[in-house]
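Participant: Sequence and predicted model, in that order:
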Amino acid sequence: MLVCAVCHKGVRKIAYSRHKKGSSGASEWPLRAQIHKRIQRPNLHTYMGMKFCTKCLRMAKASNLKKKAVSKTVTAVTPAA
């Protein structure tokens, strides 16, 4: 599915106005720009088997790097028996 695993950001339908002007009949604004519905998809990336949006991906990678750095320092500090 197109949903972020952390923030649940997904597909949205938005009203999209084109710059092109078209005729909309004999109303008050005959040359008004037409408004269409379009789908806005999130920018998802697969990381460690899960899908993340761009913002959550940065947070996930940063927390993963911190965990690795802490585990390396703990193994280096403990004396060998």
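Facilitator: Good, I have the coordinates. Numbers count the residues shown, from 1 in each chain.

Participant: how deep is Leu57 tucked in, by neighbour count?
Facilitator: Neighbourhood size, Leu57 [other CB atoms under 10 Å]: 19. Backbone N, C-alpha and C define where each C-beta goes, glycine included.

Participant: I figured it hits Thr46, correct?
Facilitator: No: with contacts counted by CB atoms under 8 Å, Leu57 stays clear of Thr46, the gap being 9.5 Å.

Participant: beta partners for the spatially most central residue of the chain?
Facilitator: Nearest residue to the geometric centre of the chain (CA atoms, centre = their mean): Cys53, 3.3 Å. Beta-bridge pairing for Cys53 (DSSP bridges): Leu44.

Participant: got a pLDDT number for it?
Facilitator: For Cys53, the model assigns a pLDDT of 93.

Participant: Okay, now the sheet partners of the one helix or strand Ile39 maps to, with direction.
Facilitator: Using DSSP states H and E, Ile39 maps to strand 33-40. Strand 33-40 pairs in its sheet with strand 12-21 (antiparallel), by DSSP bridges.

Participant: any idea of the mean pLDDT in the partner strand?
Facilitator: pLDDT averaged over strand 12-21 gives 80.

Participant: Can I get that strand as PDB, trimmed to CA atoms?
Facilitator: The C-alpha trace of strand 12-21 is given here as PDB (Å, rounded to 0.1, in the frame of the first residue of the first chain):
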ATOM      1  CA  ARG A  12      -4.800  12.300  -1.100                       C
ATOM      2  CA  LYS A  13      -7.200  13.700  -3.600                       C
ATOM      3  CA  ILE A  14      -6.700  17.500  -4.100                       C
ATOM      4  CA  ALA A  15      -8.400  20.100  -6.200                       C
ATOM      5  CA  TYR A  16      -6.000  21.100  -9.000                       C
ATOM      6  CA  SER A  17      -6.400  24.300 -11.000                       C
ATOM      7  CA  ARG A  18      -4.800  24.500 -14.400                       C
ATOM      8  CA  HIS A  19      -3.400  27.800 -15.700                       C
ATOM      9  CA  LYS A  20      -5.200  27.200 -19.000                       C
ATOM     10  CA  LYS A  21      -8.500  28.900 -19.300                       C
END
